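Visitor: any chance you can model this:
(one chain, ligands or ions: 1)
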Amino acid sequence: MILEGKNLRKTYGFDDNKVDAIKNLSIDIEEGTFVAIVGRSGSGKSTLLHVLGGLVEPNAGEVFLEGQSLYNMNDDTLTRLRRRRMGFVFQFFNLISTQNVLENIVLPIHLDNEQVDNDYIEEVIQLLGLEDKKYAFIHELSGGQQQRVAIARALASKPAIIFADEPTGNLDAKSSQEVVDLLKIAQRKYHETVIMVTHDELIASIADRIITIEDGQIVQDTRKVVK
Ligand SMILES: Nc1ncnc2c1ncn2[C@@H]1O[C@H](COP(=O)(O)OP(=O)(O)OP(=O)(O)O)[C@@H](O)[C@H]1O
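Guide: Predicted structure coming up:
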């Protein structure tokens, strides 16, 4: 298993305002799979993704990425691990507006003082159809193009796993399909593992495995039959 969550619990607030967002939930993700996490608004999808991605510490339970326990390491080590082994794609793109497309894509590598693999980055840029936009600034791009930059940035460090939180939530139907198709192409080409939160069933249907969350728990876990 590339990622394992064991007996996870995440509670927000106190007393009367207490919300159990994740309730004793366990999950195993096999390497190379594209997993969609679906469920109603407020069911705990984003919380689960953030807990699995090392962004929100659970109140109980453990998360293992490639066998390493995320919340048993210090913050610096976790930050470094996140940059090197995880890629993140969010609903609102989270790109840096003062930098151009190429600079945004290689940012995680620079932050890590790592060498950029220019041939690989060039390949990713082509794969995502951004070759004409390399030196454009973020505000010059459409939403769909911005999300493609975010995917390229997520792929830049050749991560073990990509976490996508409603990556199509801010896009029209056509761009949504394009973005999710590109995530799928990237998964296949680079043998990436992808975990994507979405409330859109059509978007989820691209996944190899669909996990339904209700009230902080897994209520359905469906794998596509491989032909
Ligand atoms: N930072 C927070 N502080 C307090 N409560 C929170 C916080 N984040 C989430 N919650 C609560 O935890 C529960 C699960 O929220 P979460 O965002 O994980 O659900 P979701 O399924 O991703 O919802 P959506 O599809 O609307 O994004 C909700 O009741 C929400 O109000």
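
Visitor: how about the secondary structure of the residue nearest to the spatial centre of the chain?
Guide: Most central residue of the chain, judged by C-alpha distance to the mean C-alpha position with CA atoms, centre = their mean, is Phe163 at 1.2 Å. Per DSSP: H, G, I helix; E, B strand; the rest coil, the local secondary structure of Phe163 is strand.

Visitor: ok, it - contacts?
Guide: Residues in contact with Phe163, defined by CB atoms under 8 Å, 6 or more residues apart in numbering, are Leu49, Leu52, Gly53, Met86, Gly87, Phe88, Val89, Ile195, Met196. Glycine gets a C-beta too; all of them are placed from N, C-alpha and C.

Visitor: so where do the strands sit in this protein?
Guide: 3-12, 19-29, 34-38, 60-65, 68-69, 86-90, 161-165, 193-197, 209-214, 217-223 (DSSP state E).

Visitor: Ile213 bridge partners, please.
Guide: With DSSP bridges applied, Ile213 shows beta-bridge pairing to Ile218.

Visitor: neighbours of it, just the number please.
Guide: Using other CB atoms under 10 Å, Ile213 has 24 neighbouring residues.

Visitor: for the ligand, see how far away Ile29 is.
Guide: 18 Å (CB to the nearest ligand atom, to the nearest Å).

Visitor: ok, now Arg40?
Guide: Taking CB to the nearest ligand atom, one finds Arg40 at 7 Å from the ligand.

Visitor: you'd agree that residue is up against Glu214?
Guide: Yes - with contact defined as CB atoms under 8 Å, Arg40 reaches Glu214; the gap is 7.1 Å.

Visitor: for Leu130, give me the pLDDT.
Guide: Leu130 is assigned a pLDDT of 95 by the prediction.

Visitor: can you list the contacts of Phe163 in TSV and add distance to Tyr71?
Guide: TSV is the format used below for the contacts of Phe163 (distance: CB to CB, whole Å):
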residue	distance to Tyr71
Leu49	15
Leu52	11
Gly53	12
Met86	14
Gly87	20
Phe88	17
Val89	22
Ile195	18
Met196	23
